[in-house]
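Q: Provide a 3D model corresponding to the input given below.
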Amino acid sequence: MSADSPTDFEQLIEQVHERAADGSAAALLSAGVAVSAEHAATADQVLDHFVAHARGAGMSWTDIGAQLGVSRQAARQRFADRPAMGGVLPFAVRTAPRLQACLDSAGQHARAEGAGEIGTQHLLAGLMAEGVAAAILEGLHVSNDAIRSSSQRLFGPSSGLATAEIPPMSTEAKCALDAAAFKAAANDSDGSAPEVRTEHLLAVLALDPGSRARRVLNDLDVDIAAIKRELQCYLTLSPSRPARWWKRRPPTQDGCSFCGRALPGAGRLVHGPGVAICSACVALAGDILDDRQPTR
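A: Numbers count the residues shown, from 1 in each chain. Predicted coordinates for the structure are as follows:
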C-alpha cells in the first residue's frame, strides 16, 4: 500500500476525529497536529535506521548528504551521534531548581516553535522564566518576544507547528550546559558537588561570541559589559585560583582539551600536539563556522 493512498489518508483522518475532544475546528486541528507529529516521528526513525546502516556500510557524510539532497554538514548535524547530557560530565553537579525550571521552559519554547532541537537561543528564552538571569535580562529590557523575533530574523523561522514532544538538545546547547557546570565548579568554595544556577548558564551564553544566544543578544543591542557587571555580583567570571574541587581532581590527559570531558564520556578523540578534541566540540566548531555567515 503506497504512503499516499486514499485508504491511508482516510485512516489518518479517522484517527484525528477519534482523538478530537469535540467536533470543533480547534479540537480537530490540535488532534491533527498530534497525529501528524507521531507519523513524522515514525518516518524519522525509519530514515535514522537507514542512515546508520549507510554509515556502517562505509558511506561518507558527503555521499549521504547527496542522497538526501542536503549538504554534508547538514547531514552530519542531523544524524551524527551526539553524547546525551546524562552522565557525560566528569564530576557530580546539582542543577538548581530555578535552573531546571528554565531548562523546562526552554524545551517548551523549542517545542512551540516546531524546532528540531533546543538551541542556545531557546536556553536564553528559558532563562527569562525565573532566577538571577531573568532579573538581569529583564533589567536590560530583554523579553521573550524580542528573543523569538530576533531568532527568526537571524536563523529563519522553524516549522511553526508545535511538536508532540520536547526536542533534543543541540550540540551547542549541550556544550553550554557543560560549560555552565564547569563554571559552577570553578566558583565552588566548600568542595561540595557544585550547584549549577541560572547565572552560570547566562554567563556562558552571553560571553561566548560564537553562540546563537550571544548573536541574539547582539542583534537586540544588549550591553554585554552590563551583563558581566551584573554577574560579578553573583559569581567570579575569571576565578584567580582554582576551587578545591579542581585541586582534588587528579590530572589526566585522557580527555578533551576544550570542553574538559574525560574518557569514556568524551567518546572518540582527535589528538594534536599536546591537545585533544572530542566529536562534540568538533561538531560545535562546525556549527559556529556555519553560523558565522553574513545575515544582513
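
Q: what count of nearby residues applies to S211?
A: 27 (other C-beta atoms under 10 Å). (Each C-beta comes from the backbone N, C-alpha and C, glycine too.)

Q: okay, it: pLDDT?
A: Per-residue confidence (pLDDT) for S211: 86.

Q: where does pLDDT dip in the stretch 151-296 of the chain?
A: 159-160, 162-163, 187-193, 237-254, 264-266, 273, 287-288, 290-296 (pLDDT under 70).

Q: switch the cut-off to 80
A: Applying pLDDT under 80 to the stretch 151-296 of the chain picks out residues 157-164, 185-194, 236-268, 271-275, 280-281, 283-296.

Q: do the same with the stretch 1-150 of the chain
A: 1-10, 12, 19-23, 25-59, 61, 65, 68-94.

Q: could you rerun that using 50?
A: Residues of the stretch 1-150 of the chain meeting the criterion pLDDT under 50: 1-4, 81-91.

Q: and the helices in it?
A: 6-19, 25-56, 61-68, 72-79, 97-113, 120-126, 132-139, 144-155 (DSSP state H, counting those that start in this stretch).

Q: how about a markdown table for those, with mean neighbour count and distance to Q232 added?
A: Below are the helices of the stretch 1-150 of the chain laid out as a markdown table (neighbours: other C-beta atoms under 10 Å; distance: least, C-beta to C-beta, whole Å):
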| stretch | mean neighbour count | distance to Q232 |
| --- | --- | --- |
| helix 6-19 | 12 | 52 |
| helix 25-56 | 13 | 44 |
| helix 61-68 | 15 | 43 |
| helix 72-79 | 18 | 35 |
| helix 97-113 | 20 | 19 |
| helix 120-126 | 29 | 20 |
| helix 132-139 | 19 | 11 |
| helix 144-155 | 17 | 23 |
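
Q: G260: which of those helices is closest?
A: Closest of these to G260 is helix 120-126, at 18.4 Å (criterion: C-beta to C-beta).

Q: what's that closest one packed up against?
A: helix 97-113, helix 144-155, helix 171-186, helix 198-207, helix 212-219 (3 or more C-beta pairs under 8 Å, 6 or more residues apart in numbering; DSSP states H and E).

Q: for L269, list each beta-bridge partner.
A: C278 (DSSP bridges).

Q: my guess is it meets A280, correct?
A: No - with contact defined as C-beta atoms under 8 Å, L269 does not count as touching A280 (10.7 Å).

Q: overlap in contacts, those two.
A: Common neighbours of L269 and A280, counting by C-beta atoms under 8 Å, 6 or more residues apart in numbering, are C256.

Q: between the two, which one's more packed in?
A: A280 (25 against 19).

Q: quick check: closest non-adjacent residue to R148.
A: A125 (6.8 Å; C-beta to C-beta, 6 or more residues apart in numbering).

Q: ok, which of the helices and strands packed on helix 120-126 comes nearest G69?
A: So among the helices and strands packed on helix 120-126, helix 144-155 is nearest, using C-beta to C-beta, at 20.5 Å.

Q: can you show me the CA trace of the closest one as CSV?
A: The C-alpha trace of helix 144-155 is given here as CSV (Å, rounded to 0.1, in the frame of the first residue of the first chain):
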residue,chain,number,x,y,z
ASN,A,144,10.8,36.5,25.2
ASP,A,145,9.0,38.2,22.3
ALA,A,146,12.2,40.1,21.4
ILE,A,147,14.3,36.9,21.7
ARG,A,148,11.8,35.0,19.4
SER,A,149,11.7,37.8,16.8
SER,A,150,15.5,38.1,16.7
SER,A,151,15.9,34.3,16.4
GLN,A,152,13.6,34.2,13.5
ARG,A,153,15.4,37.1,11.9
LEU,A,154,18.8,35.6,12.4
PHE,A,155,18.2,31.9,11.9
